[in-house]
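J.: sequence and predicted structure are below.
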Amino acid sequence: MSHPSPQSKPPSPPRFSLRTRLRSFIYAYQGMSTLLREQHNARIHVLALLGTLVLGLWLKLSIQEWSLILLASALVMGFEALNSALEYLCDRVEPARDPLIGKAKDVAASAVLIAALAAAAIGALIFLPKLLVLF
């Protein structure tokens with residue numbers, strides 16, 4: 001194992017570039033497009049989100065309620081994206097069935113499930129009292 005000489009400096013980070021920053025948004029958009037085009041569960045989550053938004057507008061949610069709904073929705077979609085990314089990577093690394101990779105995929109999927117259950121609970125806490133008053 002070699003050690004760097006005392007005179008060597010670590011590489012300096014790349015300079016800030018607006019073009020590079022803008023390009024990163026394009027890559028993120030491409031990732032979101034891939035997620036929605038190729039992942040069925042992501043489309044189901046988006047449909048649930050759209051229904052939640054319509055219901056929230058109809059019930060005139062407060063700023064605090066909207067904040068919780070949007071945070072919960074973002075966590076579900078974020079975990080769905082991370083789960084999909086892990087699945088793509090695992091399938092590239094080992095296309096054949098592998099028990100350990102299967103466990104990794106299952107655990108990542110459970111993160112989405114945990115977030116979705118929490119989001120559903122938050123939705124129930126916010127929407128049910130409002131709906132019960134109407135009916």
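T.: Thanks, I have it.

J.: now residue 93: how far from residue 105?
T.: Using C-beta to C-beta, to the nearest Å, residue 93 is found at 12 Å from residue 105. Using the backbone N, CA and C atoms, a C-beta is placed for each residue, glycine as well.

J.: residue 96: what secondary structure?
T.: The three-state assignment at residue 96 reads coil, by DSSP: H, G, I helix; E, B strand; the rest coil.

J.: just checking, next helix/strand downstream of the helix or strand harbouring residue 74?
T.: Element membership for residue 74, per DSSP states H and E: helix 63-93. Past helix 63-93, further along toward the C-terminus, the next helix or strand under DSSP H and E is helix 99-134.

J.: next up, the contacts around the residue most central in space within the chain.
T.: Nearest to the geometric centre of the chain sits residue 78, at 0.9 Å (C-alpha atoms, centre = their mean). When contacts are counted by C-beta atoms under 8 Å, 6 or more residues apart in numbering, residue 78 touches residue 115.

J.: re earlier: same question for the helix holding residue 74, mean pLDDT?
T.: Average pLDDT, helix 63-93: 97.

J.: pull out the buried positions in it.
T.: Burial within helix 63-93, assessed by neighbour count using 16 or more other C-beta atoms under 10 Å, is assigned to 65, 68-69, 72-73, 75-77, 79-81, 83-84, 86-87, 90.
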